[in-house]
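1. Sequence first, then the predicted structure:
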Amino acid sequence: MNTILNEYKVPTRKKLDYKLNIPHIIKYMGSKRELVRDIVYTINEIYEGEAICDLFAGTSILSGALGQNVSMYSNDIQEYSAILAKTYLGNYNWKKFEGLIEDLITVAQQHVDRVHQHYPNLQFPYEFEQSLNEFNTIEQQQQKLIYLDFKDVGHHLFIKNYSGTYWSFEQCLWIDALRVAAEEYSKTPVYYPILSSLMFAMAYNAQSTGHYAQYRDANNTDSMNDIIIYRKKEILPYFKSKLTELIESLGKNDFKHIVTSLDYRECLDNLPTGVLVYADPPYAFVHYSRFYHALETLVKYDYPEVLFKGRYRSDRHQSPFCKRTEVRNAFREMFIRVKHKSAKIILSYSDTGMISVEDILNIAQNSLGNKYDVFTKYTDYTHSTMGRVKDKSRKVKEYLIVGKPI
Ligand SMILES: C[S@@+](CC[C@H](N)C(=O)[O-])C[C@H]1O[C@@H](n2cnc3c(N)ncnc32)[C@H](O)[C@@H]1O
């Protein structure tokens, strides 16, 4: 007599394809651009065809790498991250937008001309032959524009709040102008690449070191000359070249993607069950909202109250992952929700983080329980510290902690 045995069903192993030549948009502390290959390799070790959630997306580089091949849930509390995710995940038919760059420049140029006509005295030329005193006087005159109300011109947020700080008056004027031009496309998918290209131009014109926590002062001729190099840059060529690159490299995308700007707990609460979560929370005590407030303001364009020398938004988000008294509970709350959603998790953390990797492993094991397999892997990695002078980068071990239902 033949006995038919139930066939043991081996889970279908699928491999996710990914892209490595992802257009670069912003300089970002803790960006995983250089680690994408390792992260996708680890994802593929446990992948079984589910959607992927990038819970703390930042530059949204993971959506850039995977978004052509799988449905993504991309989330970050900062709204600029959603713009970057929507840029990488958009479904584009560029033929509908022929002449886009020229049209944007026409609208922006009109805004620039209008402001120059209204305020003919606002001219701040930079020359290398300037004395330190002359230079600092020009900087201070621009910084004082924050006290003007600019009521005669709409869209004056950057010239008012940031002239003579991270950017010159003229650079701020072009940021406002291109932001006005972008608004004409706000109901279309190309809105996101337009704003991303502006973020790129802002980053490469800013005299600060890749973030907006503090702008540099000219204390001597050397620092003045270095700042002048940035003051003489123009927003428009950077904007044009990045948008051209994005138009050439982004195309059709038929996957369904969901992009949110939520606290990680709310994002996890909203996820369906069985998603694979990639979590890359902050690991240091510095808040992203302080370093990248100007990007948030560009996106919101909401004329916020700005505070301190760095001109930060007063409504900045404070992350529990950056506070020693809250970080343990922050991880606990994450793992508990992952378990509740029967999700898989791959967590990135560094050996210079707020708590040790052993601590995280303990919290993971306690919160996920014995129905989860938890293990860890690491890579040696050089972290950018975003400084321009000394201590530009630091060697760290970057851990990947994996938790998957057994
Ligand atoms: C290490 S970065 C992520 C970098 C990202 N993986 C990349 O490659 O660009 C951490 C991110 O967590 C975000 N974040 C901090 N607290 C958050 C919270 N409570 N909920 C959601 N996102 C948060 C920050 O805005 C920041 O973008």
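-> Noted; the coordinates are in hand.
2. In three-state terms, label Ile401 for me.
-> strand (DSSP: H, G, I helix; E, B strand; the rest coil).
3. give the contact list for it.
-> Ile345, Ile346, Leu347, Tyr349, Val357, Ile360, Leu361, Ala364, Val374, Phe375, Thr376 (C-beta atoms under 8 Å, 6 or more residues apart in numbering). (C-beta placed from N, C-alpha, C; glycine too.)
4. so the second one sits in a strand?
-> Yes: following the definition three-state DSSP, Ile346 is counted among the residues of a strand.
5. Kindly tell me how buried it is, as a neighbour count.
-> Ile346: 21 surrounding residues under other C-beta atoms under 10 Å.
6. Likewise for the fourth one?
-> By the other C-beta under 10 Å criterion, the neighbourhood of Tyr349 contains 25 residues.
7. before we move on, which element is it in?
-> Using DSSP states H and E, Tyr349 sits in strand 344-350.
8. Pick the one among the contacts of Ile401 closest to Tyr312.
-> Ranked by distance to Tyr312 (C-beta to C-beta), the contacts of Ile401 are led by Tyr349 at 26.6 Å.
9. So what pairs up with that closest one in the strands?
-> Tyr349 has these beta-bridge partners by DSSP bridges: Tyr399.
10. ok, and the closest non-adjacent residue to the closest residue to the ligand within the stretch 101-250 of the chain?
-> Closest residue of the stretch 101-250 of the chain to the ligand, C-beta to the nearest ligand atom: His211 (12.0 Å). Leaving out its chain neighbours, the residue that sits closest to His211 by C-beta to C-beta, 6 or more residues apart in numbering is Phe291, at 4.1 Å.
11. if I read this right, the one you found contacts Gly30, doesn't it?
-> No: when contacts are counted by C-beta atoms under 8 Å, Phe291 is not listed as touching Gly30 (10.1 Å).
12. Would you mind pulling up the elements that the strand holding Tyr349 packs against?
-> On a contact count with 3 or more C-beta pairs under 8 Å, 6 or more residues apart in numbering; DSSP states H and E, strand 344-350 meets helix 36-46, strand 276-279, helix 327-340, helix 357-368, strand 393-405.
13. If we use 10 Å, what do you get?
-> Counting contacts by 3 or more C-beta pairs under 10 Å, 6 or more residues apart in numbering; DSSP states H and E, strand 344-350 packs against helix 36-46, strand 52-54, strand 276-279, helix 327-340, helix 357-368, strand 372-384, strand 393-405.
14. can you tell if the last one touches the ligand?
-> No: no part of strand 393-405 sits near the ligand under the criterion C-beta under 6 Å from any ligand atom; the closest distance found is 10.6 Å.
15. So what angle separates the directions of that strand and helix 357-368?
-> Counting by axes from the mean of the first three to the mean of the last three C-alpha atoms, to 10 degrees, strand 393-405 lies at 20 degrees to helix 357-368.
16. now do the fourth one
-> Counting by the same axes, to 10 degrees, helix 327-340 lies at 40 degrees to helix 357-368.
17. Pull the number of nearby residues for the residue in the stretch 51-200 of the chain that the ligand sits nearest to.
-> At 2.8 Å from the ligand, Gly58 is the closest residue in the stretch 51-200 of the chain, using C-beta to the nearest ligand atom. Counted with other C-beta under 10 Å, the neighbours of Gly58 add up to 25.
18. Now do the same contact list for it.
-> Contact partners of Gly58, counting by C-beta atoms under 10 Å, 6 or more residues apart in numbering, are 26, 28-33, 74, 76, 78, 80-81, 84-85, 280, 282, 288, 292.
19. Run through these and flag the ones next to the ligand.
-> Within those, those near the ligand by C-beta under 6 Å from any ligand atom are Tyr28, Gly30, Ser31, Lys32, Asp76, Gln78, Ser81, Asp280, Pro282, Tyr288.
20. What helices and strands are in contact with whatever helix or strand Val259 lives in?
-> Per DSSP H and E, Val259 falls inside strand 258-260. The contact analysis (3+ C-beta pairs under 10 Å, 6+ apart) places strand 258-260 against strand 52-54, strand 72-75, helix 79-89, helix 264-270.
21. Can you give me the buried ones in the last one?
-> The reference is to helix 264-270. Using 16 or more other C-beta atoms under 10 Å as the burial criterion, the residues of helix 264-270 that qualify are Tyr264, Cys267, Leu268.
22. gap between Phe321 and the ligand?
-> According to C-beta to the nearest ligand atom, to the nearest Å, Phe321 and the ligand sit 6 Å apart.
23. still on that earlier bit, out of the buried residues of helix 264-270, which are close to the ligand?
-> Of the residues in the buried residues of helix 264-270, proximity to the ligand by C-beta under 6 Å from any ligand atom holds for Tyr264.
24. Without its sequence neighbours, what residue ends up closest to Leu268?
-> Residue nearest to Leu268 in three dimensions, not counting chain neighbours: Arg337, with 3.9 Å by C-beta to C-beta, 6+ apart.
25. My guess is the one you found contacts Val275. True?
-> No: Arg337 lies out of contact with Val275 (C-beta atoms under 10 Å); the separation is 11.3 Å.
26. Give the rounded mean pLDDT of stretch 357-368.
-> Averaged across stretch 357-368, pLDDT comes to 96.
27. all numbers from here: first residue = 855
-> From this message on, residue numbering opens at 855, which makes the last subject stretch 1211-1222.
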